[in-house]
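>>> A predicted structure for the sequence below; I have some questions about it.
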Amino acid sequence: MMKANQVNHIKVETNEISEDLSRTEINSTRRSIALYYRDGKFMYQNFFTQPLTGKINALEGLENKADVFFRSIRMVGSNTFHLRLVGSKEEVRKMCNDQACYKLLQGIGESLDTEVRSRRYLEVSDIHDHCDVLISLNKRAFYLANDVEVEGKDMHIRNPIIVGDRMIGLTEAREVCIGKLTPDVIEQPDVKLDMELMEDVNKLGKVDMLEPAPNSEDLFLVSIRNSVYQFNIWGEMAHFEELEEEVKHIHSINFNHTSSIMATDNGLYEVDVKELPNMIKAEGLPRRISSKDLSGDFQVAHYTEDPYVCGIKPALGVFSKTEDNRVLFF
């Protein structure tokens, strides 16, 4: 019999996506844990058997060798997606030139709406190259978004986000910059986006993370040390929340309409929230998820409310990844 504090180990299965991309495959990729591209084929992984509810499940068998791994797919415009990827520019270009990529995104895009804003995936590779791509299904074209021009200087930005018609990113110096997106970004992919620094944000300190705010087209989140700030695209601060002093870095934040979960260097934190137009209001104090198996440095945490993933309905589960690439579901 499993003890109350024992971690359950659960295997994942691997499937290849066929060129025909059947409706069954599209539905399966929507529920997948990992999605990647290897040797000209799209592959996905999901649970072989259902995870145990009320337990911490450690995932085993996640692929760590591929040409390109997906981190997230977010619809940012009419048939336009922002892809967060792990892989070299050469491999990312090869994947985006594969017409099967557009068919896959069209199928996944049909499941995105105001309730399901994006699809997030986990990767445990040793690849250090992160790429962000804007890809248009209408034009069958894409733009590698990380190489830009910031106040006249060529720069490489990381983890850009799309907020309304703006792209916001972090320079290597961990400063926030912003630029306006126009159709020629896709039509002329060799043109570098012109961006400028957001001094009202950068004066607060070195930034760890950017995240679009839910229910808003002009608000985004910034984490600096143990605080999360809400800014609009004009650099005006709307609100901020603070975690306990033991937290030095907040690596990710995710929402599910009533709660938010934060992955930090001091474990996982949750806070009840209320999503208002152009504002996220905390409904209580942040609380640390207390478990010896959920302590330490976490890089990613995100909710899933898919009953096919969680095995129950109504469904609510959390995927998380530690600094040493352990993936847990609870």
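Ah, there it is. Since the model is a prediction, treat every value here as computed from it, not as a measurement.

>>> would you say Arg84 is within a strand?
Yes: applying DSSP: H, G, I helix; E, B strand; the rest coil, one finds Arg84 inside a strand.

>>> ok, how many other residues are close to the closest residue to it other than its chain neighbours?
Take Arg84 and drop its neighbours on the chain: the residue closest to it by CB to CB, 6 or more residues apart in numbering is Arg71, 3.9 Å away. C-betas here are computed from N, CA, C, even on glycine. The local packing of Arg71 (other CB atoms under 10 Å) involves 18 other residues.

>>> surely Arg71 and Arg120 touch.
Yes: the pair Arg71 / Arg120 is scored as a contact, 7.1 Å apart, by CB atoms under 8 Å.

>>> ranges for the strands of the stretch 101-250 of the chain?
Ranges of strands within the stretch 101-250 of the chain are 118-120, 130-136, 141-144, 147-150, 153-156, 158-163, 166-170, 176-180, 194-197, 209-212, 219-224, 227-232, 237-242, 250-255, based on DSSP state E, counting those that start in this stretch.

>>> how about Ala238, nearest residue that isn't a chain neighbour?
That would be Gln230: by CB to CB, 6+ apart, it lies 4.3 Å from Ala238.

>>> in this protein, which residue is closest to the centre?
Centroid-nearest residue in the chain: Ser72, 4.7 Å away (criterion: CA atoms, centre = their mean).

>>> return the set of buried residues in stretch 253-265.
253-256, 259-265 (16 or more other CB atoms under 10 Å).

>>> just the closest of the residues you listed to Tyr102, please.
Asn254 (27.1 Å; CB to CB).

>>> pretty sure the closest one sits against Ile261.
Yes: counting by CB under 8 Å, Asn254 does reach Ile261; the two are 5.4 Å apart.

>>> touching both of these two, which residues are there?
The overlap between the contact sets of Asn254 and Ile261 (CB atoms under 8 Å, 6 or more residues apart in numbering) consists of 301-303.

>>> host element of the residue nearest to Arg84?
strand 68-77 (DSSP states H and E).

>>> what is the neighbour count of the residue nearest to Ala238?
20.

>>> bridging residues for it?
Note on Gln230: beta-bridge partners Leu221, His239, judged by DSSP bridges.

>>> about what we covered before: just among the shared contacts of Asn254 and Ile261, which is most surrounded?
Ala301 (25 neighbours).

>>> in which helix or strand would I find that residue?
strand 298-304.

>>> what is that strand packed up against?
strand 250-255, strand 259-264, strand 267-276, strand 317-322 (3 or more CB pairs under 8 Å, 6 or more residues apart in numbering; DSSP states H and E).

>>> which residues does Arg326 contact?
With CB under 8 Å, 6+ apart, Arg326 has these contacts: Ala58.

>>> mind picking out the helix or strand in this protein with the poorest mean pLDDT?
None of the helices or strands of the chain scores lower by mean pLDDT, DSSP states H and E than helix 307-310, at a mean of 77.

>>> hey, which helix is longest across the chain?
helix 99-109 (DSSP state H).

>>> contacts for that helix next, please.
17, 19, 21, 25-26, 29-30, 37, 42, 73, 75, 79, 81, 95, 119, 135, 137, 140.

>>> buried ones among the residues you listed?
For those, buried by 16+ other CB under 10 Å: 17, 21, 25-26, 29-30, 37, 42, 73, 75, 81, 95, 119, 135, 137.

>>> quickly list what the residue nearest to Pro189 when sequence neighbours are not counted is bridged to.
In space, not counting the residues next to it along the chain, Pro189 is nearest to Tyr143; the distance is 4.6 Å by CB to CB, 6+ apart. For Tyr143, the beta-bridge partners under DSSP bridges are Leu134.

>>> OK, contacts around Tyr143?
133-135, 185-186, 189.

>>> least confident of those residues?
Comparing pLDDT over those, the lowest score belongs to Pro189 (79).

>>> surely that residue and Ala141 touch.
Yes: between Pro189 and Ala141 there is a contact under CB under 8 Å: 6.7 Å.

>>> and for those two, which residues touch both?
Counting by CB under 8 Å, 6+ apart, Pro189 and Ala141 have no contacts in common.

>>> just give the nearest non-adjacent residue to Asp132, would you?
Ala145 (4.4 Å).

>>> burial count for that neighbour?
24.

>>> from Phe81, how far out is it?
12 Å (CB to CB, to the nearest Å).

>>> joint contacts of these two?
Leu134.

>>> who does the closest residue to Ile157 other than its chain neighbours bridge with?
Distances taken as CB to CB, 6+ apart place Gly169 nearest to Ile157, at 3.3 Å, with adjacent residues excluded. Assessed by DSSP bridges, Gly169 has beta-bridge partners Cys177.
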